[in-house]
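S.K.: just the structure for this:
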Amino acid sequence: MNAQPEPRTAAEAQADTADAPPAGPARRRRGLAVMLLLTLVGAVLVLWATGRPWAGGSVSGLGRTELTATGRDVSGAPGALALVGLASAVAVFAVRRVGRVAVGALVALAGAGSAVVAALGAADTSAVDAKAARSVALSSATAEHITHTVWPWVTVLGGVLLCAAGVLTVLRGRDWPAMSSRYDAPSRPTPRRTATPDAPADFWKALDRGEDPTTP
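M.R.: Reported below is the predicted structural model:
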């Protein structure tokens, strides 16, 4: 015959509840960590991929010259927007509530802009043509046998991750932990201590600092 468990008292149940870690703060910290991870990975992908070859080709002059155009040759916008998104995400720790919504919107726009510009530049030939013209010193020269790589789409992926980090900040950022108030600028200066007859050590210290200890 199975023994019935003894009923638990209200005090025991309350003690178990107090010992259990609160779910809310842990969930908010996880949300903040996910945002930071998305921002970091997205920005690194964009900055890395824009430095890689996006297109290649060749031009005929005195001989055949191979040409390569990186993402930065095609457009500097994705890399610049990734830096804006990265800096804005760091600012999440310095602002609260409505400020975080604004920061999240800025990160989302930066990520979306990076993705759109990279997608438009995936089939770009103007950067390779410009290199061909400089190579043979003929403004009318164009590149031949142009090929494209997957790096623009890696940039698109990084922009999408940045955009996701911004959207997450807009939706969840109001409840995330903020920088401690001890790092805030003081609202008013701390009043200067003045020496009193009961504190002769303070009297002499004030004189050493060039202060008048008799001034109230």
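S.K.: shaky segments in the chain?
M.R.: Within the chain, the segments meeting pLDDT under 70 span 1-24, 61-62, 139-140, 177-216.
S.K.: what do you get if the cut-off is 80, keeping everything else the same?
M.R.: For the chain, the stretches flagged by pLDDT under 80 are 1-29, 60-64, 93-97, 135-144, 173, 175-216.
S.K.: now do the helices in it.
M.R.: All helices of the chain, identified by DSSP state H, fall at 10-19, 23-49, 71-74, 77-90, 98-121, 126-136, 151-172, 200-208.
S.K.: Ser60: which of those helices is closest?
M.R.: Of all the helices of the chain, helix 126-136 sits nearest to Ser60, with 7.9 Å by Cβ to Cβ. For glycine as for every other residue, the C-beta is placed from the backbone atoms N, C-alpha and C.
S.K.: other SSEs contacting the closest one?
M.R.: Contacts defined by 3 or more Cβ pairs under 8 Å, 6 or more residues apart in numbering; DSSP states H and E place helix 126-136 against strand 53-60, strand 64-70, helix 71-74.
S.K.: so Val167 versus Gly121, what's the distance?
M.R.: Separation of Val167 from Gly121 (Cβ to Cβ, to the nearest Å): 24 Å.
S.K.: neighbour-wise, which of these two wins?
M.R.: Ranked by neighbour count (other Cβ atoms under 10 Å), Val167 and Gly121 place Gly121 first, with 24 against 18.
S.K.: surely the more buried one is in contact with Asp73?
M.R.: No. Taking Cβ atoms under 8 Å as the contact criterion, Gly121 and Asp73 are not neighbours in contact, 9.6 Å apart.
S.K.: hey, what's in contact with both of these two?
M.R.: Shared contacts of Gly121 and Asp73 (Cβ atoms under 8 Å, 6 or more residues apart in numbering): Trp54.
S.K.: residues contacting Val107?
M.R.: The neighbours of Val107, taking Cβ under 8 Å, 6+ apart as the test, are Thr39, Gly85, Ser88, Ala89, Leu162, Cys163, Ala165, Gly166, Thr169.
S.K.: so what's it closest to, chain neighbours aside?
M.R.: Once flanking residues are discounted, Val107 sits nearest to Gly166: 3.3 Å by Cβ to Cβ, 6 or more residues apart in numbering.
S.K.: for burial, what's the neighbour tally of Ala124?
M.R.: I think there's a mix-up here, since residue 124 is Asp and not Ala. Neighbourhood size, Asp124 [other Cβ under 10 Å]: 19.
S.K.: what do you get for Arg174?
M.R.: Applying other Cβ under 10 Å, we find 15 residues neighbouring Arg174.
S.K.: same check on Leu37?
M.R.: Around Leu37 sit 12 other residues, with neighbours defined as other Cβ under 10 Å.
S.K.: okay but Thr167 is in contact with Val101, surely?
M.R.: Just so we're on the same page, residue 167 is Val rather than Thr. No. Taking Cβ under 8 Å as the definition, Val167 is not a contact partner of Val101, at 11.0 Å.
S.K.: residue contacts, the closest residue to Ser114 other than its chain neighbours?
M.R.: Among residues not flanking Ser114 along the chain, Gly159 sits closest, at 3.4 Å (Cβ to Cβ, 6+ apart). With contacts defined as Cβ under 8 Å, 6+ apart, Gly159 is in contact with Gly42, Val46, Pro78, Leu81, Ala82, Gly111, Ala112, Gly113, Ser114, Ala115, Val116, Ala118.
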